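> Sequence first, then the predicted structure, then my questions.
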Amino acid sequence: MNANLTNSINQLNWLGFDNTARKETLSPLIDFIQHKLNAKEKININFICTHNSRRSHLSQIWAQTAAAYFNIAQVNCYSGGTEETRLFPAVIDALEAQGFDILKLSGSENPIYAIKYARTDPPIIGFSKKHDHPFNPEAGFAAIMTCSQADAGCPFIPGAEKRIPVTFEDPKVSDGSPEQAAVYASRSLQIAEEMFYVFSQIKAE
């Protein structure tokens with residue numbers, strides 16, 4: 001892991017994670033990952049939110065990072081939305097501040113980013129897209145609903161083997177305020193801690 005990112009990870013308290021309600025929420029995701037690992041199958045996870053602009057990207061990036069940190073192989077994390085918008089710049093700012101190396105590959109209205117947690121691993125490609133975009137898996141994946149609006153609006157995700165609601169509060173409420181950077185940083189670290197808790201529970205052979 002990048003040195004600055006390691007410092008951010010060291011702030012997380014996944015070992016002492018004791019939120020009973022959230023443990024119950026995260027349990028189906030843990031079970032899905034463990035089942036796929038035991039079956040020696042690819043572990044495809046698609047994090048879905050309405051606009052694929054904030055929470056779904058944070059979840060995708062931190063889950064992929066956690067999988068690498070705990071050496072859980074064959075994990076491929078994706079994200080998508082019920083509509084396409086853009087990856088919100090405050091998300092990129094928060095991730096860079098927390099230690100990710102990020103390169104902007106495209107400067108269009110819907111920019112494409114290469115996001116790296118380690119020099120030796122391939123980057124995570126981040127851009128806004130619908131959940132059924134060709135970049136994402138067609139079948140055999142877990143659809144993780146990261147916002148209540150998408151959870152209610154998409155009762156069926158084509159190709160999903162499991163559909164699991166793991167919702168987070170939207171940092172968008174802080175947009176344009178003096179608290180914006182702090183709110184995005186806090187939400188990013190909350191998602192990080194929960195994803196690290198999830199992968200810390202996986203028993204590799």
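Done, it's in. Numbers count the residues shown, from 1 in each chain.

> surely residue 61 meets residue 94?
No: counting by C-beta atoms under 8 Å, residue 61 does not reach residue 94; the two are 10.4 Å apart. C-beta coordinates here come from the backbone N, C-alpha and C atoms, glycine included.

> Please enumerate the strands of this protein.
Counting by DSSP state E, the chain has strands at residues 43-49, 75-81, 101-106, 112-116, 124-126, 141-145, 160-165.

> What mean pLDDT does the first one get?
Yep, that's strand 43-49 we're talking about. Per-residue pLDDT over strand 43-49 has a mean of 97.

> What distance do you get for the nearest residue to residue 44 once chain neighbours are set aside to residue 32?
Among residues not flanking residue 44 along the chain, residue 141 sits closest, at 3.8 Å (C-beta to C-beta, 6 or more residues apart in numbering). Per C-beta to C-beta, to the nearest Å, residue 141 is found 9 Å from residue 32.

> So which of these two has more stuff around it?
residue 141 (25 against 20; other C-beta atoms under 10 Å).

> so what's that one bridging to?
Note on residue 141: beta-bridge partners residue 160, judged by DSSP bridges.

> do the same with residue 80
Applying DSSP bridges, one finds that residue 80 bridges with residue 48.

> confidence score at it?
At residue 80, pLDDT is 96.

> ditto for residue 205
With respect to pLDDT, residue 205 scores 71.

> Residue 107 now?
We have a pLDDT of 83 for residue 107.

> Now do the contacts for the residue nearest to residue 44.
Neighbouring residues of residue 141 by C-beta atoms under 8 Å, 6 or more residues apart in numbering: 44-46, 78, 159-161.

> what's the spacing between the residue nearest in space to the middle of the chain and residue 30?
The C-alpha lying nearest the average C-alpha coordinate of the chain belongs to residue 59 (C-alpha atoms, centre = their mean; 1.7 Å). Separation of residue 59 from residue 30 (C-beta to C-beta): 15 Å.

> where does the protein dip in pLDDT?
150-155 (pLDDT under 70).

> buried residues in the top helix by length along it?
Determined from DSSP state H, the single longest helix within the chain is helix 180-200. By neighbour count on 16 or more other C-beta atoms under 10 Å, the buried set for helix 180-200 is 180, 183-185, 187-200.

> what's in contact with it?
With C-beta under 8 Å, 6+ apart, helix 180-200 has contacts from 8-9, 11-15, 17, 22-23, 26, 29-30, 33, 54-55, 58-59, 62-63, 65-67, 69-70, 72, 90-91, 93-95, 97-98, 166, 168-169, 171, 173-174, 177.

> Now, those residues that are in helices?
Those of the contacts of helix 180-200 lying in helices (DSSP H): 8-9, 22-23, 26, 29-30, 33, 55, 58-59, 62-63, 65-67, 69, 90-91, 93-95, 97.

> Buried ones from these, can you make that a PyMOL selection?
Restricted to buried positions by 16+ other C-beta under 10 Å, the PyMOL selection for the ones in helices among the contacts of helix 180-200 reads:
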select buried, resi 8+9+26+29+30+33+55+58+59+62+63+65+66+67+69+90+91+93+94+95
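
> and stretch 77-97, which residues are buried?
Within stretch 77-97, the residues scored as buried using 16+ other C-beta under 10 Å are 77-82, 84, 87-88, 90-95.
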